[in-house]
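J.: got a predicted model here, sequence first, then my questions.
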Amino acid sequence: MDENVKVFMEKVMEKNPGEKEFHQAVQEFTESVMPFIEKNPKYKKAKILERMVEPERAIIFRVPWVDDKGDVQVNRGYRIEFNSAIGPYKGGLRFHPSVNLSILKFLGFEQIFKNSLTSLPMGGGKGGSDFNARGKSEMEIMRFCQSFMMELFRHVGPNTDVPAGDIGVGGREIGYLFGMYKKLRNEFTGVLTGKGVNWGGSLIRPEATGYGAVYFASEMLKLKSDSFKGKIVTVSGFGNVAWGCALKINELGGKVVTLSGPDGYIYDIDGIKGEKIEYMLEMRASNNDRVEDFAKKFNAPFYAGKKPWEVKCDIAMPCATQNELDLNDAKILAKNGCILVVEVSNMGCTYDAAKFATEKMMYAPGKAVNAGGVAVSGLEMSQNSMRMNWTAEEVDKHLHQIMKNIHEACVKYGRVSKDKVDYIKGANIAGFVKVADAMLDQGIV
């Protein structure tokens with residue numbers, strides 16, 4: 001590790017003890033941008049990086065609610081408003097028992113640069129709760145969302161902080177959150193994205209993260225005069241992101257052969273398409289984190305407690321959660337002939353796996369690959385501001401162009417040689433420059 005990076009990381013770890021996910025995200029970013037900062041003293045003098053790793057605001061609050069038995073339950077809620085240099089805070093809400101301060105700080109930090117890469121005026125933030133929807137009734141989920149918003153409403157707004165969905169927060173939850181916000185504020189504004197199309201949402205928002213990831217991967221393949229046509233693709237997860245990927249991969253001539261959950265993965269040699277893709281939405285809505293149900297319904301082999309990266313493929317797309325693909329997985333993928341690892345989930349690969357994949361295959365990080373979701377959220381904000389709705393074709397056209405532009409920015413800053421692009425370096429520096437320049441322009445605040 002570079003000495004400057006080492007000294008910087010020691011300070012970060014001292015100020016943020018025990019936050020391993022946050023440390024990992026900051027180290028991966030710092031290793032790319034520190035040499036760039038050393039060559040550009042204006043950033044060093046203003047201590048831009050030191051300011052960037054410190055959230056502008058971190059809000060933690062209790063969320064009491066009453067279950068169907070009449071018993072009081074208490075969860076913890078968070079909103080990390082990380083950086084507003086280029087626009088209002090923007091980032092998802094995650095409801096999952098794994099949620100803690102470290103995970104949300106890592107996600108919020110990544111969100112700063114992801115949003116910057118889209119070129120849309122959005123700052124970075126993230127939030128959520130340790131609430132577990134599994135086994136909860138519709139009314140319990142509604143009561144929890146309403147209680148959560150009764151505190152969050154003080155801190156968000158269309159020109160302040162615009163949350164969206166994430167793991168555990170889909171269209172249903174956004175609806176309950178928006179309904180309570182509207183009641184508390186007595187106003188109808190674009191405070192949340194991922195809304196229903198009939199009350200201010202954007203077409204193709206549920207598919208956007210997956211679509212954008214496939215568009216980005218297509219640009220990577222084009223550099224090698226290649227495409228998705230005829231490619232075997234392994235995908236993890238089974239929610240909106242994996243669903244969007246599967247739809248677009250099929251459209252471009254590829255074949256998705258796996259889905260996964262905490263219980264294991266399924267392998268479908270015939271490809272996941274048609275009614276199988278539609279069934280993914282039913283699984284998502286069930287609140288049960290299992291893919292074995294898919295295996296039973298469609299008579300596909302199910303591998304309990306395993307990850308899909310042992311399956312022979314051309315392209316691997318982790319779509320579930322952080323650090324789901326480790327170094328051993330990456331080595332297996334390379335041995336089996338995989339040419340491309342596309343990190344669709346946030347920090348889906350461990351540090352070592354990302355480094356290995358960059359050297360042995362083609363690899364791109366989540367902050368670039370999965371920016372399509374927040375890009376369409378930004379487009380939803382634009383549509384709300386103008387009080388109009390674009391067609392699905394218009395939104396998809398904007399999304400496709402944004403992902404092409406992000407890829408070009410990554411190549412610009414990450415080109416190593418004629419045949420090699422370091423997408424980690426490219427994404428990090430491209431995302432950094434816009435935010436850093438805005439912070440310089442606005443002074444020490």
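T.: Now that the structure is in, tell me what you want to look at.
J.: what pLDDT does Glu282 get?
T.: Listed pLDDT for Glu282 reads 88.
J.: now it: which helix or strand?
T.: Counting by DSSP states H and E, the element that carries Glu282 is helix 275-285.
J.: can you list contacts of the helix or strand that that helix is followed by?
T.: Next helix or strand after helix 275-285 toward the C-terminus (DSSP H and E): helix 292-298. With C-beta atoms under 8 Å, 6 or more residues apart in numbering as the test, helix 292-298 has contacts from 238, 259, 261, 263-264, 266, 268, 276, 279-280, 283, 286, 300-302, 304. To be clear about C-beta, it is placed using only N, CA and C from the backbone, and glycine gets the same treatment.
J.: and for stretch 131-148?
T.: Contacts of stretch 131-148 (C-beta under 8 Å, 6+ apart): 63-68, 73, 75, 77, 95-97, 129, 168, 172-173, 176-177, 179-180, 287-289.
J.: let's see it at 7 Å
T.: 63-68, 75, 77, 95-97, 129, 168, 173, 176-177, 180, 287-289 (C-beta atoms under 7 Å, 6 or more residues apart in numbering).
J.: can you pull the buried residues of that stretch?
T.: In terms of neighbour count (16 or more other C-beta atoms under 10 Å), stretch 131-148 has its buried residues at 131-133, 136, 140-148.
J.: show only the entries of those found in strands.
T.: Of those, none are assigned to strands by DSSP state E.
J.: ok, which pair from these is furthest apart?
T.: Asn132 and Gln146 (17.2 Å; C-beta to C-beta).
J.: re earlier: output the buried residues of stretch 131-148 as a markdown table; include the columns distance to Ile232 and pLDDT.
T.: Putting the buried residues of stretch 131-148 into a markdown table (distance: C-beta to C-beta, whole Å; pLDDT from 0 to 100) gives the following:
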| residue | distance to Ile232 | pLDDT |
| --- | --- | --- |
| Phe131 | 37 | 98 |
| Asn132 | 34 | 95 |
| Ala133 | 33 | 93 |
| Lys136 | 37 | 95 |
| Glu140 | 41 | 98 |
| Ile141 | 37 | 97 |
| Met142 | 41 | 98 |
| Arg143 | 44 | 98 |
| Phe144 | 40 | 98 |
| Cys145 | 39 | 98 |
| Gln146 | 45 | 98 |
| Ser147 | 45 | 98 |
| Phe148 | 41 | 98 |
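J.: of those, which belong to helices?
T.: Among the buried residues of stretch 131-148, the ones falling in helices (DSSP state H) are Glu140, Ile141, Met142, Arg143, Phe144, Cys145, Gln146, Ser147, Phe148.
J.: quick one on the thing from earlier: any idea which of the contacts of helix 292-298 is least confident?
T.: Ser286 (83).
J.: how many neighbouring residues does the closest residue in space to that one that isn't next to it in sequence have?
T.: Spatial nearest neighbour of Ser286, chain neighbours left out: Asp293 (8.0 Å); criterion: C-beta to C-beta, 6 or more residues apart in numbering. A count of nearby residues for Asp293, using other C-beta atoms under 10 Å, gives 18.
J.: ok, Asp293 to Ser32 distance?
T.: 41 Å (C-beta to C-beta, to the nearest Å).
J.: so where do the helices sit in the stretch 301-445 of the chain?
T.: 327-335, 351-360, 366-369, 371-386, 392-414, 423-441 (DSSP state H, counting those that start in this stretch).
J.: got it, and the stretch 101-250 of the chain?
T.: Under DSSP H, counting those that start in this stretch, the stretch 101-250 of the chain gives helices at 101-118, 138-152, 171-185, 205-222, 240-251.
J.: was I right about Gln383 contacting Trp390?
T.: Yes: the pair Gln383 and Trp390 qualifies as a contact (C-beta atoms under 7 Å) at a distance of 6.1 Å.
J.: of these two, who's got more company?
T.: Gln383 (21 against 18).
J.: shaky segments in this protein?
T.: The chain contains no residues with pLDDT under 70.
J.: of the contacts of helix 292-298, buried ones?
T.: 238, 259, 261, 263-264, 266, 268, 276, 279-280, 283, 300, 302.
J.: which one of the helices of the stretch 301-445 of the chain lies nearest to Gly210?
T.: helix 371-386 (7.7 Å).
J.: roughly how far apart are Phe216 and Leu379?
T.: From Phe216 to Leu379 the distance is 17 Å (C-beta to C-beta).
J.: my guess is Ile424 contacts Thr358. True?
T.: Yes: with contact defined as C-beta under 7 Å, Ile424 reaches Thr358; the gap is 6.2 Å.
J.: nearest to Lys434, of the buried residues of stretch 131-148?
T.: When the buried residues of stretch 131-148 are compared against Lys434 (criterion: C-beta to C-beta), the nearest one is Phe148, at 31.7 Å.
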